[in-house]
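Chemist: Attaching a predicted model along with its sequence, questions to come.
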Amino acid sequence: MKDGEKKNRIFFSLTPIYYLVIAILLFRYVIVVPYPHPLALTLAGFFSYLQRQNRSFLFLKSALRKNFLSVLPAMEILFFVGLLIASWAYSGVLLTMMQIGTSFIDPDFFLPSITIVSAVAAMVSGSSWTTAGTLGVALMGVSKYLGFPDVMSAGAIVSGCYFGDKLSPLSDTTNLASSLTHVPIWVHIQHMLKTTVFSFILAVTCFTLLNYFVWNPEMRLELPSTMGLAELLKKDIVYWKLVPVLLVFGSSFFHLPVRISFLLGIVSAFFFPICESGFSVSMAKSLLFGYVSQTGTATWDSFLSGGGIVSILPTEILILTAVWFGAVVEGFGYLNEMLIQIKQWVKNQYDILLSTMGVSFLLNLMTADQYLSLVIPARAFRTLALEKQIPEKDISRALEDSGTITSPMIPWNSCGAFMASSLGVPVIGFLPFLFFNLIHVMLTVSVLFYKKITAKSS
């Protein structure tokens, strides 16, 4: 095949991404709309579909079904998180967690502290989602009270969540990457430590420096009616309200499904209020529309309200439009063409590892599903990896270094959408402060390129 024909094939196989980028820019900066990403994904998928109408619709139907089933668990968990946040806000669980946070976290080290706390919680629970949807929400409340910018705090929380998730033997993505490459789970985790821990130390250092330049004790005094909130936070802690938190995180040790853990957290949060005053219609309303605090002070209400099914609907719609876009890309052959072109580029073991990471990122970008970003590259490059005698643990690490780490960086990916919905900060907002994820990807890619250049020169 001539070089010109190769370039044309690569160009046409990437057209869905061009359409997507153009549509996002259009709806964000030219025709400004409230929800630009769902519209951009829908439009990009439609134009990509029109470009290949000669392909059988059965392929699209099959891809739609497969992609929808792959994100269905994520959508279900997101549904439960909306209910969980509403129930915890209604029963005062979030307020109790905020009380504890303001009591024990030193503002002078707030950003590095919440990064480490989130990392430990995610490692214990095995889930970045569980940590962000519970502890993360409370930490965002503490952040608002102290006056830290939401985008910085969200970046610190998500950074910690993904470090802990990546190194947890309970994590579904860690176990998936391990099983796909037939690497024992502890060998996989130990191999990841070499780059992951160093990246996390650099990230914590960055958050420490950022905290030093951002934090000012007068920041909390700038908030209106803050004294009333301070008095509320300094009241005696009602420790029974930590029972739902313990149930959610403790159930991880028994390997209960996440939905069951969240359901335990929801039921236990309402248990004591029901025992005290019986079931109230306001409880049902909070689950549907979110809990609305009515203290009479706007500052308090903004801290103590949230959750509900209605609040997560935009995120669910975003994931569904991403499923449509991903199905067109996969069902009409764009993805297969990309893989073929990439395989022709591969020459040595470092090319394979870089290709694995690149394809994982592209799949996060196009399919909105973190699991597909692990499964497809593992299958696509496994034979080549065996031919080049690459240790399987290198492939498993490469899958996580990109597939797991880059998923919260993309607004329409189920992980990015979940983090934004739970923490109340758009992905574009916290992305510049996602220090662990950004540092880790750059570090890993740089090391691979350095090894590739060194191998060529020798």
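Modeler: That came through fine. Numbers count the residues shown, from 1 in each chain.
Chemist: Might you list the low-confidence residue ranges for this protein?
Modeler: By pLDDT under 70, the weakly predicted segments of the chain are 1-10, 54-55, 101-102, 216-237, 252-253, 295-304, 456-458.
Chemist: okay, now the domains of it?
Modeler: As given by automatic domain parsing, the domain ranges for the chain are 1-54, 70-311.
Chemist: Make a markdown table out of those and add mean neighbour count and distance to Pro377.
Modeler: For the C-beta atoms, the positions are set from N, CA and C on the backbone; glycine is no exception. As requested, the domains of the chain are arranged in a markdown table below (neighbours: other Cβ atoms under 10 Å; distance: least, Cβ to Cβ, whole Å):
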| stretch | mean neighbour count | distance to Pro377 |
| --- | --- | --- |
| domain 1-54 | 15 | 16 |
| domain 70-311 | 19 | 9 |
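Chemist: of these, which approaches Gly333 most closely?
Modeler: Nearest of the domains of the chain to Gly333, taken as Cβ to Cβ: domain 1-54 at 7.1 Å.
Chemist: In contact with the residue nearest to Ser251 when sequence neighbours are not counted, which residues?
Modeler: Nearest residue to Ser251, sequence neighbours excluded (Cβ to Cβ, 6 or more residues apart in numbering): Ser261, at 4.2 Å. For Ser261, the contact set (Cβ atoms under 8 Å, 6 or more residues apart in numbering) comprises 130, 247-249, 251-252.
Chemist: which of these lies closest to Phe433?
Modeler: Thr130 (21.6 Å).
Chemist: ok so, going back, what distance do you get for the residue nearest to Ser251 to Asn348?
Modeler: Here Ser261 is placed at a distance of 44 Å from Asn348 (Cβ to Cβ, to the nearest Å).
Chemist: do Ser125 as well
Modeler: According to Cβ to Cβ, Ser125 and Asn348 sit 39 Å apart.
Chemist: can you tell me the distance between the two ends of stretch 398-413?
Modeler: 19 Å (Cα to Cα, to the nearest Å).
Chemist: CA atoms only for the helix or strand that Ala269 is a member of, dumped as CSV, please.
Modeler: Ala269 is part of helix 258-277, with elements assigned from DSSP states H and E. Taking C-alpha atoms only, helix 258-277 is exported to CSV below (Å, rounded to 0.1, in the frame of the first residue of the first chain):
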residue,chain,number,x,y,z
VAL,A,258,-21.5,-1.8,45.0
ARG,A,259,-25.3,-1.4,44.5
ILE,A,260,-25.9,-3.4,47.7
SER,A,261,-23.4,-1.3,49.6
PHE,A,262,-25.1,1.9,48.5
LEU,A,263,-28.5,0.4,49.3
LEU,A,264,-27.3,-0.4,52.8
GLY,A,265,-26.1,3.2,53.1
ILE,A,266,-29.5,4.6,52.0
VAL,A,267,-31.7,2.4,54.2
SER,A,268,-29.5,2.9,57.3
ALA,A,269,-29.5,6.7,56.8
PHE,A,270,-33.3,6.7,56.9
PHE,A,271,-33.6,4.2,59.8
PHE,A,272,-33.1,6.5,62.7
PRO,A,273,-35.2,9.4,61.4
ILE,A,274,-38.0,6.9,60.7
CYS,A,275,-37.7,5.5,64.2
GLU,A,276,-37.8,9.0,65.7
SER,A,277,-40.7,10.5,63.7
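Chemist: what's the helix or strand just after it packed up against?
Modeler: The helix or strand immediately downstream of helix 258-277 is helix 281-289, counting by DSSP H and E. Where contact means 3 or more Cβ pairs under 8 Å, 6 or more residues apart in numbering; DSSP states H and E, helix 281-289 is packed against helix 57-91, helix 258-277, helix 309-331.
Chemist: Distance to Ser360 for these - can I get that in a markdown table?
Modeler: What follows is these, written out as a markdown table (distance: least, Cβ to Cβ, whole Å):
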| stretch | distance to Ser360 |
| --- | --- |
| helix 57-91 | 15 |
| helix 258-277 | 23 |
| helix 309-331 | 14 |
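Chemist: Ser48 is nearest to which of these?
Modeler: With Cβ to Cβ as the measure, helix 309-331 is the member of these nearest Ser48 (4.8 Å).
Chemist: immediately after that closest one, which helix or strand?
Modeler: Taking DSSP H and E, what comes next after helix 309-331 is helix 334-345.
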